[in-house]
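J.: need a structure here:
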Amino acid sequence: PFRLPSYPHDGPALQGWLLDLYRPGQLIDTLDLLTALNTRIFQSLRYAARDDHGVQLPCETLRKGSGTCRDYAVLMMEAARHWGFGARFVSGYIQMAEGQHGATHAWTEIYLPGAGWHGFDPTNNKLAGAEHISVAVAREQDKAIPLAGSWEGPANAFDRMEVSVQVVALGAEVQPSSLPSAPPAIPNN
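T.: The predicted structure is shown next:
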């Protein structure tokens, strides 16, 4: 199932966009091909933050020439599937330098026979590494939501939700001053 396209109607647009990277019958190293695809997405598209839920169709990302990390990941996933690779969507975080704040991030994992799943981050034009922290992995992006939840209570009692993630190396001592401060307690009336 990881080889089947999620957006089969986008196949012709993808095929045209991918022709200069690979033509059927051409001999090319698999990792070189996928790295070239990763770079092509990074170089040919403009990153555009978008708070809307979901993703753009791959053909829409190509038409607009822009997208979010989610859109880049879906485009990479569909392009890899177009070539017959198994691909899946990853949602998580990237470890930031001390004092920097980030947000959720998305990238693609592609199955390489004999080598297993390998991550490609077209937003940053790199292979996924130790700084990529996977939270959810799925065939479809809507199944890889990093957090989900619900609120039970009066609507006006809920002001906002905040998520804080701290990445600490195994065996490292966590300094209390580096931990996020706890929110004030809500009285239970």
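
J.: The spatially most central residue of the chain and residue 91: what is the separation?
T.: Geometric centre of the chain, nearest residue: residue 106, 1.4 Å, by CA atoms, centre = their mean. Distance of residue 106 to residue 91, computed by CB to CB, to the nearest Å: 5 Å. Where C-beta positions appear, they are placed from N, C-alpha and C, glycine not excepted.

J.: got any ranges where this protein has weak pLDDT?
T.: For the chain, the stretches with pLDDT under 70 are 146-151, 158, 161, 163-169, 172, 174-189.

J.: Recalculate using a threshold of 50.
T.: 179, 182-189 (pLDDT under 50).

J.: which residues of it fall in strands?
T.: Along the chain, the segments classed as strands by DSSP state E run 46-47, 66-67, 86-94, 105-112, 116-121, 126-127, 132-138.

J.: The first one: partners in the sheet, and parallel or antiparallel?
T.: When pairs are called by DSSP bridges, strand 46-47 turns out to pair with strand 66-67 (parallel).

J.: I'd like the distance from the strand it pairs with to the chain centre, please.
T.: 13 Å (CA atoms, centre = their mean, to the nearest Å).

J.: What of stretch 57-66?
T.: Distance, centroid of stretch 57-66 to centroid of chain: 16 Å (CA atoms, centre = their mean).
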